[in-house]
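> Dropping a prediction and its sequence here:
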Amino acid sequence: MHRTAFAALFLAAAATAGLTGCLPGQDEADSRPKGPFAGLSGGEIADRAMKATTAASSLRMKGDVPDDESGGTIRIDMALNKEGDCAGTMSVGGQGKADLIKTADTIYMKYDEAFLRAQSKGESKADTDAAVAMLAGKWTKMAAKGQDAKDIAGFCDLDSVLGEAEDVNSDATRGKTTTVDGTPAVVLHEKDGKDRYTLYVATEGKPYLLRVDSTSAKDPGSLTFSDYDEPVPAKKPAGKVTDLDALGG
């Protein structure tokens, strides 16, 4: 299920603002412009953005991050909070979709047929067909503290996901102003060797991180951040739920 890679890569992508890449001779290229964040350098804005972002009680992350296990891409759309609750969807390599909800001490997941078949490569046709017949389109649950669920549980904890992005000490340089999904933002640029990162920070209200684009050869992808401090819609699914722990799954 790529759970370990999913959690690790997602954390790495969310923490791209923690890079301390340097653009030689450009640290003061913005000449301390007026307007939003007047008098602040790109690095100072990035530092403020990560402090505001990591202080949020909840947020929603949406976008694509690389999966080094499969060499493909993981697409995610997930709301999560510091209580360890989360709700959203994920797909691997564009092959099907899985719904994920974690609330209290239980993880609920629902897979479509395409996702199950893609994740069953290497298994016999009979085993794959049986898994599809039993699980496709149906909600399952397992204890969040179980061995198979630890990575997912950690991913659903916002403190864990953003834990490496708190002390950034950024050398970002300041770019133009733009909008991200209708929200005014300032663009910041970071460089680490051949890798390039673009950060978008809200210029109205709290300086939340709105988007991160990475052209890194190792971790290319893009993530948007929204719904800060909004309730996470993590509720037990209605209807029948298959207990995977009881099945030995």
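Good, I have the coordinates. Please read all numbers here as calculations on a predicted model, not as lab measurements.
> What is the burial count for Pro237?
16 (other CB atoms under 10 Å). C-beta: built from backbone N, CA, C; applies to glycine.
> Next one: it from Ala87, what distance?
Distance, Pro237 to Ala87, using CB to CB, to the nearest Å: 10 Å.
> list the residues that contact both of those two?
Residues touching both Pro237 and Ala87 (CB atoms under 8 Å, 6 or more residues apart in numbering): Ile101.
> for the most far-flung residue of the chain relative to its centre, helix, strand, or coil?
Centroid-distance maximum for the chain: Ala126 at 34.6 Å, with CA atoms, centre = their mean. Taking DSSP: H, G, I helix; E, B strand; the rest coil as the rule, one finds Ala126 in the helix state.
> Would you mind measuring from it to Glu113?
16 Å.
> List the residue ranges of this structure that fall below the pLDDT cut-off.
For the chain, applying pLDDT under 70 flags the ranges 1-35, 67-71, 148, 164-169, 248-249.
> Kindly state the beta-bridge partners for the nearest residue to Tyr208 once chain neighbours are set aside.
In space, and not counting its chain neighbours, Tyr208 is closest to Ala202: 4.8 Å by CB to CB, 6 or more residues apart in numbering. Applying DSSP bridges to Ala202 gives these bridge partners: Ala185.
> mind listing what Ala202 touches?
Ala49, Val180, Thr183, Pro184, Ala185, Tyr208, Leu209, Leu210.
> did I read that right, Pro237 in a strand?
No - in this structure, Pro237 is coil, not part of a strand, as judged by three-state DSSP.
> That one - nearest residue in space that isn't next to it in sequence?
Trp139 (4.3 Å).
> any idea how far stretch 101-110 is from the chain center?
Chain-centre distance of stretch 101-110: 17 Å, with CA atoms, centre = their mean, to the nearest Å.
> ok, and what's touching that stretch?
84-87, 98-100, 137-145, 149, 152-153, 156, 234-237, 241.
> Kindly report the same for stretch 214-228.
By CB under 8 Å, 6+ apart, stretch 214-228 touches 9, 12-14, 16, 53, 56, 58-66, 68, 73, 79, 180-181, 192, 194-197, 206, 208-213.
> buried subset of the residues you listed?
When the contacts of stretch 214-228 are checked for burial by 16 or more other CB atoms under 10 Å, the buried set is 9, 12-14, 16, 53, 56, 58-66, 73, 79, 180, 195, 197, 208-213.
> Just to be sure, which of the residues you listed are found in strands?
Using DSSP state E, the subset of these located in strands is 58-66, 73, 79, 180, 195, 197, 209-213.
> and the longest helix along the chain, what does it pack onto?
Looking across the chain with DSSP state H, the single longest helix is helix 42-55. If contacts are counted by 3 or more CB pairs under 8 Å, 6 or more residues apart in numbering; DSSP states H and E, helix 42-55 sits against strand 173-180, strand 183-192, strand 195-202, strand 209-214.
> Which positions within that helix qualify as buried?
Quick answer for helix 42-55 (16+ other CB under 10 Å): Gly42, Gly43, Ile45, Ala46, Asp47, Arg48, Ala49, Met50, Ala52, Thr53, Thr54.
> now the angle from it to strand 173-180?
50 degrees (axes from the mean of the first three to the mean of the last three CA atoms, to 10 degrees).
> So what's the gap between helix 42-55 and the chain middle?
Worked out by CA atoms, centre = their mean, helix 42-55 lies 17 Å from the chain centre.
> Same check on stretch 180-198?
Using CA atoms, centre = their mean, the offset of stretch 180-198 from its chain centre is 16 Å.
> go on, stretch 111-121?
Worked out by CA atoms, centre = their mean, stretch 111-121 lies 22 Å from the chain centre.
> what do you get for stretch 96-105?
Worked out by CA atoms, centre = their mean, stretch 96-105 lies 14 Å from the chain centre.
> what about stretch 223-241, how long is it end to end?
31 Å (CA to CA, to the nearest Å).
> Kindly report the same for stretch 135-152.
Termini of stretch 135-152 sit 19 Å apart (CA to CA).
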